[in-house]
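Asks: turn this into a model:
(chains A, B and C)
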Amino acid sequence: MSEYLLEVRNLQTRFELFRGTVKAVDGVDFTLREGEILGLVGESGGGKSVTGFSLLGLIDPPGRIAAGEVIFRGENLLEKSEEEMRRIRGKEISMIFQDPMTSLNPLHSIGRQIGEMLALHTPLSPADRRKRSIELLREVGIPNPEDRLENYPHQFSGGMRQRVVIAIALAANPKLIIADEPTTALDVTVQAQILALMENLVKRFGSALILITHDLAVVSEMTHRVAVMYCGRVVEEGPTRELVRHPFHPYTKGLLESIPRLSGERSRRLPQIPGMVPSLFDLPPGCSFAPRCGYATDLCRKEAPSMRSVAPGRTVSCHNPVQGGEEAEGHGR
Amino acid sequence: MSAKKEGFFKSEFFHNFVRSPGALAGLFIVTFFLVLVTAGPLFTPQNPYDIGSLDLMDAFKPPVWMEGGDPAFVLGTDDQGRDLLSAMVYGSRISLFIGLSVVVLSCVLGTFLGLVAGYFGGRLDSLLMRVVDIQLSFPAMLVALFIMAAFGRGLGKLVTALTIVGWVLYARTVRGSVLVEKKKEYVDAARLIGLSPFPIILRHVLPNILTPLIVIATIHVGTVILTEATLSYLGVGVPVTRPSLGLLVKNGYDVLFSGLWWSSVFPGMFIMLLVFGINLLGDFLRDEFNPRLK
Amino acid sequence: MLKYLLKRLVQMIVVLFTVSVIVFLVMSFTGDPVLMIVPPTATDAQIAEARTALGLDRPLWVQYGVFLQNLIRGDLGVSYIFKRPALTLIVERMPATLELVFFSVLLSLAVALPCGVYAGARPNSPFSRAVMGGSLLGISLPSFWVGILLIFYFAVEKGLLPSSGRGATAPLFGIPFAFLTWDGFRHIVLPAVTLALGTLAMLIRLIRAQIMEVMRQDFIRFARAKGVSWRSLFFSHALKNALVPVVTVFGMQIGSLIAFATVTETIFAWPGMGKLLVDSINTADRPVIVAYLMIVAAMFVLINFIVDIVYTLIDPRIDLR
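Replies: Numbering: from 1, shown residues only, chains lettered A, B, ... in the order given. Now for the predicted structure:
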């Protein structure tokens, strides 16, 4: 078995639409060790969520996974049948969705929804499932779990619901959890609590975590490594600390600089990345980021760069990486 | 102009339309009826309302392919020697006229009231919506039947009655859109600088509701034609002097047991075909404009 | 709960009151009932006398007051034609209509549920496409014409089933029902099929649309991410969520069946209250028309109320307030 829990190689997911083919994920590579927390970062429309769903084989037509390998514990998930995948989903790899208001079945009690996961993937008896459900709810910080088992999702607040979702995701002790923007739909005050809870729990349960987010600030606080995505590709990858301190890709640098910080000079205007994410129907030739990039040259506009190693453990896909990993202006919050 | 046209022929809508057998069939049927009711009277052998042109000698003739059929009367005649095909052409005309005029009137009235209710809100709004709610809790057919029973048959009365039951659909849709639009920031901005937001809301609401209105209106034409036919069948719809397809079926039913099956079967088939064609188009439009159902 | 019931009761009374005002106003602006009652040879003096006797010479609001008072006492007037209380006439005919509606409901559910569910589960299968085409045709059919075709084929041509009347009846709880006798059951088949057709087609489309809508929801995707099998996904997660809204529409459909029973009963000479209404409209028998409308309005209001209660029972999200 390889040293990695998960190896994604040249993953390509496409959507065939009338207006053309959208390469939502266009040759993504990354790896993940057991217990590692990886941040998958980028602006919306960058292909992060589709990547997450692709790993679980949850891409519906008109989308399809066109190429690549998803090696999980030595086996390529893309070659598995739907039935085999069904046994992996939830048990080996589980997922936390963005909006807890819509990801729970409104007509089932939460006890039933946790119990369903346990019934599917554990040999527990109904009585034990009930006990385990209560334990799980306690783990995620739901007060009076015994009383709340019979409650329905609408009787919980958004933050509490996301805790229930996390309890469900953890129920079968999965090796990997994919969390797709788990705090975006929540109140700011609740976001930090949920993130801390997740960080704590994956450590205790020994799961690896892929945290999909647009928020580099979140990533810099709790992940071990980061992969930055832009227009369906990973443009930079590396250990979180180094990447945040010394970004190589101009896009990463731009993302970092647009994080507001609390200390330092006050009147500084928050820099933005100029322009917008291009339409996936109409990607520019060459590097997709070139039209928005301050460092772009004629080469960038003609030829797409490929991933290369620039420092130990650091890869970047850029013709003109920021010299020597320039210090980003906004990094240290 | 030509560039715009080319845009349409290259659009996804057009692309899907020509690949949808249902939509094409619907277009074909509706076009057939539109041509029939505009040009048909030029070719029919009789004017069925002109009593002078009827000859009792022609009565009880079966369709042309049956024994005793007369090539002059392709679908046969009724008990008064009236050519069934001619009657059906004129009947389709009345049915379609009622369907289209009721839809236009309901749409105008409902959109106006929906805009007013949504924009001004308050008492007027709750009163209007109360009326809409109460009316929607009763089947449209029954309300129309009641109105017609009270005021008697007649083309104008029928159009009025069906408009009274029809406007609520439009009002509800339009009001909903206005309420959504009213919450947006540009409305506050307009108020702050002392502008009346109504014209702006209108400019934002109308384009937004155009597609749902087209879908509702298309399907509504079919519903109106069916309701009209039913009311006429019950004897409270169009007057006997202007028989719509529904009334033709009723007249045919009265002589069904004397063996003249064709005089109720064919007009009914026309209603079915016409409404089916309209519904095929409506179904396609709804799927196109509401891609979630695809 | 009690508060909710009271609130609903008040609402129901308000609706019925509104309906009574509208019905009264519209009916009093139309036709002259006096001319219906007096013999055609009556003199002007006799007509005036009859008018006073009926109280029709008094101001409109006084007339409405009398009407409302009688209404509350359950007196809806005496039929001009039958010379019997209008309410009695309608109540007598109600069982016939209700059994017809009941069988239509049964029939439409028995067909629409499996077809709609299947069409929603496998929207692209040939069977589903056929069902959708058929149901679109179904909602395009004039029901009276279908009735005529059925009569022509099954009664006139083949002589298999009777085309009119209710046949023999047998009492159940003292109320005569046709379906309890073989003869009566044979009579109910064609009208029930005719009446059911439109509702059936509409329900199929509604159920399918609901299921397809639910299947795209986030919680279904989340359940898939849990490793739930398609079967369980569909039957345990999607179906109930899809069918809850159908209950509301179904209640409205029962109302619509009662309304359309007027047409079916007229075609098949089924002696229900719908046929009574159409006959009364043709003979301008005002008290019967008014009585029918008030009773049917009360039935609709009651059905809506029951639907709301059922809804709250099957959907945990709704709290009775």
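
Asks: can you pull the pLDDT of B:Leu56?
Replies: Note on B:Leu56: pLDDT of 69.

Asks: sorry, that was for A:Gln12
Replies: So A:Gln12 comes in at 91 (pLDDT).

Asks: confirm it sits in a strand?
Replies: Yes - A:Gln12: assigned to a strand according to DSSP: H, G, I helix; E, B strand; the rest coil.

Asks: hmm, A:Val70 and it touching each other?
Replies: No - with contact defined as C-beta atoms under 8 Å, A:Gln12 does not count as touching A:Val70 (11.4 Å). Every C-beta, even on glycine, is put in place using the N, C-alpha and C of the backbone.

Asks: tell me, how many residues neighbour the residue nearest to A:Glu199 when sequence neighbours are not counted?
Replies: Leaving out its chain neighbours, the residue that sits closest to A:Glu199 by C-beta to C-beta, 6 or more residues apart in numbering or on different chains is A:Met222, at 4.8 Å. Around A:Met222 there are 17 other residues, counting by other C-beta atoms under 10 Å in any protein chain shown.

Asks: in the stretch 1-150 of chain B, what residue is nearest chain A?
Replies: B:Glu12 (4.4 Å; C-beta to the nearest C-beta).

Asks: close to chain C: what parts of the stretch 101-250 of chain A are there?
Replies: Residues of the stretch 101-250 of chain A lying close to chain C by C-beta under 8 Å from any C-beta of the partner chain are A:102-109, A:116-117, A:120-121, A:152, A:154, A:165, A:168.

Asks: name the nearest of those relative to B:Leu27.
Replies: Using C-beta to C-beta, A:Thr102 comes nearest to B:Leu27 of these, at 38.3 Å.

Asks: that older thread, skipping adjacent residues, who's closest to the residue of the stretch 1-150 of chain B closest to chain A in space?
Replies: If the residues on either side of it in the chain are set aside, B:Glu12 comes closest to A:Phe18, at 4.4 Å by C-beta to C-beta, 6+ apart.

Asks: by contact count, what packs against the helix or strand where C:Thr266 lies?
Replies: For C:Thr266, the enclosing helix or strand under DSSP states H and E is helix C:239-268. Using 3 or more C-beta pairs under 8 Å, 6 or more residues apart in numbering or on different chains; DSSP states H and E, the elements in contact with helix C:239-268 are helix B:140-151, helix B:197-234, helix C:86-121, helix C:143-150, helix C:182-215, helix C:273-282, helix C:286-314.

Asks: for burial, what's the neighbour tally of the closest residue to C:Asn304 other than its chain neighbours?
Replies: Closest residue to C:Asn304 apart from its sequence neighbours, by C-beta to C-beta, 6+ apart: B:Ser137 at 5.8 Å. Applying other C-beta under 10 Å, we find 16 residues neighbouring B:Ser137.

Asks: which ones are touching the closest residue to A:Gly68 other than its chain neighbours?
Replies: In space, and not counting its chain neighbours, A:Gly68 is closest to A:Leu11: 3.7 Å by C-beta to C-beta, 6+ apart. A:Leu11 sits next to A:25, A:27-29, A:51, A:54, A:65, A:67-70 when contact means C-beta atoms under 8 Å, 6 or more residues apart in numbering or on different chains.

Asks: rerun at 6 Å
Replies: Counting by C-beta atoms under 6 Å, 6 or more residues apart in numbering or on different chains, A:Leu11 touches A:25, A:28, A:54, A:68.

Asks: these in helices, which ones?
Replies: A:Ser54 (DSSP state H).

Asks: now, among the contacts of A:Leu11, which is nearest to C:Ala291?
Replies: A:Ser54 (66.5 Å).

Asks: what are the bridge partners for the residue nearest to the closest one when sequence neighbours are not counted, then?
Replies: Using C-beta to C-beta, 6+ apart and skipping the chain neighbours, the partner closest in space to A:Ser54 is A:Thr13 (4.8 Å). Per DSSP bridges, the residues bridged to A:Thr13 are A:Val25, A:Ile65.
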